[in-house]
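Undergrad: Okay, predicted coordinates and the sequence, questions at the end:
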Amino acid sequence: MSNASLHPFSSSAVQHPLAVYGWDEGWEAEFAPYAAQGLVPGRVVRVDRGRCDVATPAGVVRADTEFVVPHDPMKVVCTGDWVAVDPEGGDPRYARTILPRRTAFVRSTSSQRSEGQVLATNIDHVVVCVSLAVELDLGRIERFLALAMSSSNGEALLHNAADSWESGAQPLVVLTKTDLVPDATALSYLVQDVETTAPGVQVLPVSSMTGEGMDVLAAVVSDGTSVLLGVSGAGKSTLANTLLGEDAMDVQSTRGVDGKGRHTTTTRNLLVLPGGGVLIDTPGLRGVGLFDAGTGVGQVFSEIEALAADCRFHDCAHETEPGCAVLAALADGSLPERRLDSYRKLVRENLRIVAKTDARLRAEIRRDWKRKHAEGRAAGEAKRSGRLR
C-alpha cells in the first residue's frame, strides 16, 4: 500500500511542485502550522557533514541541520524526511523541524550497543538487492527482511493492514545480475530457494545488462518511495542508473575473487524517477544488526511461528520439550535445520538488543536463564544418582 492510497491527493497537492517527491494531502495538513510561520516545506534528498540538500518548491537548497540533529540518533534528520526550512534570504538557511515520519528503516548501530540508526524514512517499498554473482547467503536475506518488516522510529507508524508489514513498507527481494546465470533451470532453483526463505515476499530476478525484469521493477517503484538495500557489490547503483535512464550514481566493478564491491555510494541519495516515484540509494551495508525486530522475525519465519502455535507448551523453546511441533517438523524433514538455526539466532540477537533498553525484559530473561540452569543441574544430579544406584 502506498502513501498515496493512505493519504488521497487533493487537487492542490497534485499540482504542488513537490508532488513528484511524494507530497500529498497528508503532508500538506502536517505542514500547515509551519506554513503559518512562513516556513517552506521540503524533502531531504541528501545529508552530508552537518548540512542537507532539500528539495523545495523553488528547487533544491542547501540547509544547515543544527536544529534537526538532537542527541537521540533515532530523531536525527535523514534522507527521505520532510522538513520545514527557512524561506529564501536566510544565511545560513536552517532546516527547523522534521515532520512526523510515516515509516523508517532502522538497524542497530552495533551488536554491542542498543542505539538504532535510521537509514531511510517515509518509504513505501524496501527493495533488498541480492547479487547472483556470488553464492546466495540466505541467512543475510532473512536478516534484511526481518528489519524491513519491523522498521520503526519510536513514533506511531502507519500499519499496512493488507500485508501486515509493521513498518508500513512493502518488502521486495531483487536478485540482480541474472545474466551471470545463463541456465534457466539453475536460475529457477535460486529463485525458489529465496522464495522459501522469504514467504509471502515477491522475489524478482533482474538484469541491468539484458533488461530482464526491469519493467516489473520499474512499475513497482513508480508508486511511492522505494529504498535500495544490500551489501556492497549487490548492484544497487547500477539498478538506480537503469531506472533513472542515466548514470546518476557512480559504479565500479566488483572484485572477481569474492564479488564484493568498493562502496561507490557513500551517502544516501533520494532520486526522482522518470516513470514516477522516488528512489533512495544507500551505501553497501557491512553489518545489518537487528533493532527491535521481533515482529519482523516472526513474519520472516511465519511457518515456524505457525508450528509453534501447536506446541504442547505455550512458552516452548523448541529445544528438548515434549510435544514440540517445531521439533517434530524438523524430525520429519518438513522444516530445514538451517531455517530453524537462523530463526533461533535472530530471536536471540533481537532479545539481547531489546533487553538493553527494557529492564523488565532483562529481568525476565535472567529469571528464565536461572530456571533453565536449575532444571539442567537437577537433571544432571538425578542422572548421576541413578547411576550410583
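TA: Thanks, I have it.
Undergrad: Retrieve the pLDDT associated with the residue nearest the centre of the chain.
TA: By Cα atoms, centre = their mean, the chain has its centre lying nearest to residue 148, at 3.0 Å. On the pLDDT scale, residue 148 is placed at 78.
Undergrad: That one contacts residue 127, doesn't it?
TA: No - contact between residue 148 and residue 127 fails when scored by Cβ atoms under 8 Å: they sit 9.2 Å apart. Placement of C-beta: from N, CA and C, glycine included.
Undergrad: overlap in contacts of these two?
TA: Overlap of the contact sets of residue 148 and residue 127 (by Cβ atoms under 8 Å, 6 or more residues apart in numbering) consists of residue 229.
Undergrad: Now do stretch 174-185: distance from first to last residue.
TA: End-to-end distance of stretch 174-185 (Cα to Cα, to the nearest Å): 18 Å.
Undergrad: mind listing what's buried in that stretch?
TA: 174-178, 181 (16 or more other Cβ atoms under 10 Å).
Undergrad: Now do it: everything it contacts.
TA: 127-133, 187, 190-191, 194, 203-210, 212-213, 217, 234-235, 238-239.
Undergrad: Kindly report the same for stretch 317-335.
TA: Contacts for stretch 317-335 (Cβ under 8 Å, 6+ apart): 303-304, 307-313, 316, 337, 340, 344.
Undergrad: how does it look with 7 Å?
TA: Identification of contacts with stretch 317-335 by Cβ atoms under 7 Å, 6 or more residues apart in numbering yields 304, 307-308, 310-313, 316, 337, 340.
Undergrad: and it, what's its mean pLDDT?
TA: 91.
Undergrad: Can I get it in CSV, CA atoms only?
TA: Output in CSV follows, covering the C-alpha atoms of stretch 317-335 (Å, rounded to 0.1, in the frame of the first residue of the first chain):
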residue,chain,number,x,y,z
ALA,A,317,11.7,-23.0,23.4
HIS,A,318,11.8,-25.7,20.6
GLU,A,319,14.9,-27.3,22.1
THR,A,320,14.1,-30.5,24.1
GLU,A,321,10.5,-30.0,25.2
PRO,A,322,8.0,-32.9,24.7
GLY,A,323,5.1,-32.2,22.3
CYS,A,324,7.1,-29.6,20.4
ALA,A,325,5.6,-29.2,16.9
VAL,A,326,8.6,-27.4,15.6
LEU,A,327,11.0,-30.2,16.6
ALA,A,328,8.5,-32.7,15.0
ALA,A,329,8.7,-30.8,11.7
LEU,A,330,12.4,-30.8,12.0
ALA,A,331,12.5,-34.6,12.5
ASP,A,332,10.2,-35.4,9.6
GLY,A,333,12.1,-33.1,7.2
SER,A,334,9.4,-30.6,6.5
LEU,A,335,11.4,-27.9,8.3
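Undergrad: Quick check: which ranges of this structure have low pLDDT?
TA: 1-14, 108-116, 150-168, 247-266, 284-294, 353-389 (pLDDT under 70).
Undergrad: And the strands in it, which stretches?
TA: 40-48, 51-56, 59-64, 82-85, 95-98, 104-108, 116-121, 125-131, 170-176, 202-205, 225-229, 269-272, 278-281 (DSSP state E).
Undergrad: Output the contacting helices and strands for the fourth one.
TA: For strand 82-85, the contact count by 3 or more Cβ pairs under 7 Å, 6 or more residues apart in numbering; DSSP states H and E identifies helix 25-35, strand 40-48, strand 51-56, strand 95-98 as packing neighbours.
Undergrad: Okay, now the sheet partners of it, with direction.
TA: For strand 82-85, the paired strands and their directions (DSSP bridges) read strand 40-48 (antiparallel), strand 95-98 (antiparallel).
Undergrad: Deepest-packed of those, please.
TA: strand 40-48 (a mean of 22; mean count of other Cβ atoms under 10 Å).
Undergrad: just the angle between that one and strand 51-56, please?
TA: 140 degrees (axes from the mean of the first three to the mean of the last three Cα atoms, to 10 degrees).
Undergrad: Now do strand 40-48: everything it contacts.
TA: Strand 40-48 has contacts (Cβ under 7 Å, 6+ apart) with 18, 21-22, 31, 52-57, 60, 65, 77-85, 87, 267, 269-270.
Undergrad: ok so, going back, taking the contacts of stretch 174-185, please make a PyMOL selection of just the buried ones.
TA: Burial among these is assessed by 16+ other Cβ under 10 Å; the matching PyMOL selection reads:
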select buried, resi 127+128+129+130+131+132+133+187+190+191+194+203+204+205+206+207+208+213+217+234+235+238+239
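Undergrad: picking up where we left off before, including distance to residue 144, could the strands paired with strand 82-85 go into CSV?
TA: Below are those laid out as CSV (distance: least, Cβ to Cβ, whole Å):
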stretch, distance to residue 144
strand 40-48, 22
strand 95-98, 25
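Undergrad: Which one, of those, ends up nearest to residue 281?
TA: Within the strands paired with strand 82-85, the stretch nearest residue 281 is strand 40-48; the backing value is 10.4 Å (Cβ to Cβ).
Undergrad: Buried residues in stretch 298-310, which are they?
TA: Residues of stretch 298-310 classed as buried by neighbour count (16+ other Cβ under 10 Å): 298-301, 303-304, 307-308.
Undergrad: Can you flag which of the contacts of stretch 317-335 belong to helices?
TA: Using DSSP state H, the members of those that fall in helices are 304, 307-308, 337, 340.
Undergrad: quick one on the thing from earlier: just the buried ones out of the contacts of strand 40-48, please.
TA: Buried subset of these (neighbour count, 16+ other Cβ under 10 Å): 18, 21-22, 31, 52-56, 65, 77-85, 269-270.
Undergrad: Contacts only, for the residue nearest to the centre of the chain.
TA: 105, 126, 128, 167, 169, 171, 296.
Undergrad: Out of these, the closest to residue 91 would be?
TA: Checking those against residue 91 with Cβ to Cβ, the nearest one is residue 105 at 33.8 Å.
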